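In: Okay, structure incoming, though there's no sequence with it:
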């Protein structure tokens, strides 16, 4: 990525041009380039497995909403092109599909109470028919979003404190 200032993290945190924070960001360019590359890899991988790009965007929007990041939720929800999956971006929405519902339940729990996740939560995914590879994909999505949303929130606090 040549212009890291257009990355998801930096367009969300919005450091002021010419500020000390922008200078520090530019000194750590590789972090933001790798974070943006990870976002692309997690949301739109070449092999999405059982988690389509639309489902990944819907889950990302839901995770952002659960983390109190409505702008990020809207950004991810905009990536959902399948009208049938769009409602899943909203917290509290359920699915009649057992696999999808298991993923929603797991995602909601990981997003709100990660310390309380136990082996039975993974077993519930398996019992619903979610493959082990897709469980790993779901965990990757949740882990990346937790990282990215915390990075955005932290940078936003620094930007606000500098004003």
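Out: Everything's here; your move. As the structure is a prediction and not an experimental result, all values here were calculated from the model.
In: which SS state does the residue at minimal distance from the centre of the chain fall under?
Out: The structure's the chain has its C-alpha centroid closest to residue 145; by C-alpha atoms, centre = their mean the separation is 3.1 Å. Put simply, residue 145 is helix when judged by DSSP: H, G, I helix; E, B strand; the rest coil.
In: confidence score at the residue of the chain most remote from its centre?
Out: Using C-alpha atoms, centre = their mean, the residue of the chain lying farthest from its centre is residue 18. It sits 28.9 Å away. Looking at residue 18, its pLDDT stands at 88.
In: Next up, the contacts around it.
Out: By C-beta atoms under 8 Å, 6 or more residues apart in numbering, no residues touch residue 18. (C-beta placed from N, C-alpha, C; glycine too.)
In: can you check residue 122 too?
Out: Contacts of residue 122 (C-beta under 8 Å, 6+ apart): 106, 135.
In: can you pull the pLDDT of it?
Out: Residue 122 is assigned 98 on the pLDDT scale.
In: Check the gap between it and residue 37 for me.
Out: To residue 37, residue 122 is 27 Å away according to C-beta to C-beta, to the nearest Å.
In: cool, residue 45 as well?
Out: Distance, residue 45 to residue 37, by C-beta to C-beta: 12 Å.
In: Good, wrapping up.
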